[in-house]
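Asks: here's a sequence, model it:
(one chain, ligands or ions: 4)
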Amino acid sequence: MAETIANGRADQCANNIDGPTNPMVTPILTDLYQFTMAYAYWKAGKHNERAVFDLYFRRNPFGGEYTIFAGLEECIKFIANFKFTEDEIAFIRSSLPPTCEDGFFEYLRELDCSDIEIYAVTEGSVVFPKVPLMRIEGPIAVVQLLETPFVNLINYASLVTTNAARHRFVAGRSKILLEFGLRRAQGPDGGISASKYCYMGGFDATRRITVFLCFDSNVAAGKLFGIPLRGTHSHAFVSSFLSPDEIIEKSLQHRDGSSVCEDFVSLVQTWLNKLKWSHLLGGIFSETNQSELAAFTSYALAFPGSFLALVDTYDVMRSGIPNFCAVALALNDLGYKSVGIRLDSGDLAYQSCEARKFFRAIEKEFGLPGFGKMNITASNDLNEETLDALNKQGHEVDAFGIGTHLVTCYAQAALGVVFKLVEINNQPRIKLSEDVSKVSIPCKKRCYRLYGKEGYALVDIMTGENEPQPKVGERILCRHPFSESKRAYVVPQHVEELLKCFWPGNSDKTREDLPPLKEIRERCIEQLDKMRPDHMRRLNPTPYKVSVSAKLYDFIHFLWLNEAPVGELQ
Ligand SMILES: Nc1ncnc2c1ncn2[C@@H]1O[C@H](COP(=O)(O)OP(=O)(O)OP(=O)(O)O)[C@@H](O)[C@H]1O
Ligand SMILES: O=P(O)(O)OC[C@H]1O[C@H](OP(=O)(O)OP(=O)(O)O)[C@H](O)[C@@H]1O
Ligand SMILES: O=C(O)c1cccnc1
Ligand SMILES: [Mg+2]
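Replies: Ligands and ions are numbered 1, 2, ... in the order given. Below is the predicted model:
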């Protein structure tokens, strides 16, 4: 059904941009009030008045001082294919009062986004509160229809990308991160979006390393976005085995094809006995769980070149680790290098250190270089706090599998992205509020990031559309938008204009290309690298300064006074 709608829509649209990833993202994925307003604008003959809206957020999430902007590509794919189907028009008609005139539905039938212009920060950029992430210009009725889907597409995308970046930051650059959240995500779209955006925000920043250090267990996301996949196995696989007698096909060919071991099960048992009587390991364990050993042996027979075992089903140190090592040593005899273990319960710091000691002891005892470096993956309700605690305690984990806390954004449910009118027919507009942080910044604006001597970003500044651009080496006054006393002179060493044209509409502007996901992820890494460390730290980070030019400051306050009624005391 969804596919039919998407295909039907694509037929009507003359552009070469694919539709959104989720075919449910259609022009009716919006709030009813966007249609009632569109009708009222149309009825008043106001629908084509040229409006400018800013999309921004008011506060950084997770108690931090930065956010990653994500979701732009999906917004552009949405508007590139924006067209109502007959079915949708009929449904809108049935949802509005019968008094609504036919002419409005004729108008909807002809509607597309060719008259809309979109300026946006490049996806994957580090962004800050109040600065527009997107500026949307066009006929007011159409731009209003875009509010809900745009906010929807940006909100979770930016939140979860930021969450991933924060988890990466705590885990450290050298750790492998695995996104395990599909089963716990908020529905299929939550799962697919989480995979896409965690990949964007969680990739290792050591660019010289060419292997991927960020993986996903979600196969559909691997197919859709080319995200590298990885996984282990579950407790069910281990507990489904009752005894080694279940293994019928016991032969395994040497990796180089030179010989065949006819009874791999016995080879594993031989190694287990050697471990039991080894003087370095003696006393750590006695009888291991034989059904677990059967499960590991079977998994090794299925994947001899990439053997990895979940070792906490029965007892990590007395069973899981010795069983894993017996199988890994047997595989080693046949030329196969095992991958490692996963720990999914208990004290992950302690167990990882004990496991490492065991691996190193084997390396020493049996003269097997590299065995001590066996990969240790940890999972189980991990989040920023537990990663931080593990770091403080000291651990030997190489890879973290993170699900629930990452994809559900457990620490903060929404980013609070808003979409506010800042200009209509070239008239700046302001939205006032008792809460100063909610007062909108009027005018069609230009936004810049100013960099200092040390290469770090110093401040973002918003100016009026026609103000001269800040210049390298030239002092500019940066003012807090609402606090009179907060201001600073900045002499930028580099100036970056933040809003670029991603959808020129009928204008003659050049459209920025939509970069592939990998490039967006690289931008994200680069941008985070350019942030001053004190903005990035978890505890009491320094707020990044967001400012306006002196001229815009004066104008905001002029408009504020103009629009706010004067109270009368009696
Ligand atoms: N060394 C550690 N320091 C701090 N937190 C840890 C440490 N090791 C594990 N944790 C966290 O402690 C929590 C343990 O949770 P819980 O008690 O539910 O797990 P468990 O009983 O060990 O496992 P399960 O219930 O899955 O068998 C998890 O959130 C885990 O990430
Ligand atoms: O803990 P998360 O960060 O959400 O990561 C995903 C979890 O999913 C799996 O558990 P499973 O579904 O078997 O559930 P359980 O571990 O809670 O028993 C896996 O073993 C992880 O523990
Ligand atoms: O591959 C895994 O180990 C995995 C995948 C999803 C959730 N938990 C674990
Ligand atoms: Mg678990």
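Asks: just the helices in the stretch 51-200 of the chain please.
Replies: Assigned by DSSP state H, counting those that start in this stretch, the helices in the stretch 51-200 of the chain fall at 72-80, 86-95, 102-110, 140-171, 187-202.
Asks: do you know which of the ones you listed lies nearest ligand 3?
Replies: The closest of the helices of the stretch 51-200 of the chain to ligand 3 is helix 187-202. By C-beta to the nearest ligand atom, the value is 10.9 Å. Backbone N, C-alpha and C define where each C-beta goes, glycine included.
Asks: roughly how far does the closest residue to ligand 3 within the stretch 101-250 of the chain sit from L331?
Replies: As assessed by C-beta to the nearest ligand atom, ligand 3 sits closest to G231 within the stretch 101-250 of the chain, at 2.9 Å. As defined by C-beta to C-beta, to the nearest Å, G231 lies at a distance of 19 Å from L331.
Asks: out of those two, which sits in the busier spot?
Replies: Higher neighbour count among G231 and L331: L331, with 26 against 15, using other C-beta atoms under 10 Å.
Asks: spit out the contact partners of the more buried one.
Replies: A300, P304, F307, K337, S338 (C-beta atoms under 8 Å, 6 or more residues apart in numbering).
Asks: hmm, back to that, please name the nearest non-neighbouring residue to the residue of the stretch 101-250 of the chain closest to ligand 3.
Replies: For G231, ignoring the flanking residues on the chain, the nearest one in space by C-beta to C-beta, 6 or more residues apart in numbering is S217 at 4.6 Å.
Asks: hmm, that neighbour is touching F180, no?
Replies: Yes. The criterion here is C-beta atoms under 8 Å, and S217 meets it with F180 at 5.3 Å.
Asks: quick check: neighbours shared by these two?
Replies: G401.
Asks: neighbour count winner among these two?
Replies: A direct count of neighbours by other C-beta under 10 Å for S217 and F180 places F180 higher, at 22 against 19.
Asks: what's the spacing between the more buried one and Q290?
Replies: For F180 relative to Q290 (C-beta to C-beta), the value is 29 Å.
Asks: what about the nearest residue to S240 once chain neighbours are set aside, which helix or strand?
Replies: Excluding the flanking residues, the one nearest S240 by C-beta to C-beta, 6+ apart is A295, at 7.1 Å. Taking DSSP states H and E as the criterion, A295 maps to helix 290-302.
Asks: and I154, what's its pLDDT?
Replies: Per-residue pLDDT puts I154 at 98.
Asks: nope, F203 is what I was after
Replies: Confidence at F203, expressed as pLDDT, is 56.
Asks: try the one 3 residues further on
Replies: Note for T206: predicted pLDDT of 39.
Asks: same question for G8.
Replies: What the model reports as pLDDT for G8 is 46.
Asks: over to N562?
Replies: For N562, the predicted pLDDT is 89.
Asks: so it: helix, strand or coil?
Replies: helix (DSSP: H, G, I helix; E, B strand; the rest coil).
Asks: how far away is E434 from ligand 1?
Replies: Distance check for E434 against ligand 1: by C-beta to the nearest ligand atom, to the nearest Å, it reads 41 Å.
Asks: tell me what the strand or helix carrying A355 is packed against?
Replies: Assigned by DSSP H and E, A355 falls within helix 348-366. Helix 348-366 is packed against helix 321-333, strand 340-343, strand 375-379, helix 384-393, with contacts defined by 3 or more C-beta pairs under 8 Å, 6 or more residues apart in numbering; DSSP states H and E.
Asks: picking up where we left off before, what about burial for the contacts of L331, which qualify?
Replies: Taking 16 or more other C-beta atoms under 10 Å as the criterion, what is buried in those is A300, P304, F307, S338.
Asks: those residues: which two are farthest apart?
Replies: P304 and S338 (8.8 Å; C-beta to C-beta).
Asks: quick revisit: filter the contacts of L331 down to the ones in strands?
Replies: Among those, no member is found in strands (DSSP state E).
Asks: closest to ligand 3 among the residues you listed?
Replies: Of all these, F307 has the smallest distance to ligand 3: 13.9 Å, by C-beta to the nearest ligand atom.
Asks: ok, G473 touching H494?
Replies: No. The pair G473 / H494 is not scored as a contact, 10.2 Å apart, by C-beta under 8 Å.
Asks: the two: which has the busier surroundings?
Replies: More crowded of G473 and H494, by other C-beta under 10 Å: H494, with 13 against 8.
Asks: show me which residues of the stretch 351-500 of the chain are close to ligand 1?
Replies: N380, D381, L382, T386, A389, L390, Q393 (C-beta under 6 Å from any ligand atom).
Asks: can you flag the buried ones in those residues?
Replies: N380, L382, T386, L390.
Asks: same question for stretch 387-406: list its buried residues.
Replies: 387, 390, 395-406.
Asks: whoops, I mixed them up, stretch 280-294
Replies: Using 16+ other C-beta under 10 Å as the test for burial, stretch 280-294 gives L281, I284, F285, T288, N289, Q290, S291, E292, L293, A294.
Asks: OK, contacts around the closest residue to ligand 2 within the stretch 1-150 of the chain?
Replies: Residue of the stretch 1-150 of the chain nearest ligand 2, by C-beta to the nearest ligand atom: F62 (16.4 Å). Applying C-beta under 8 Å, 6+ apart to F62 gives the contacts T162, N163, R166, E384, A411, Q412.
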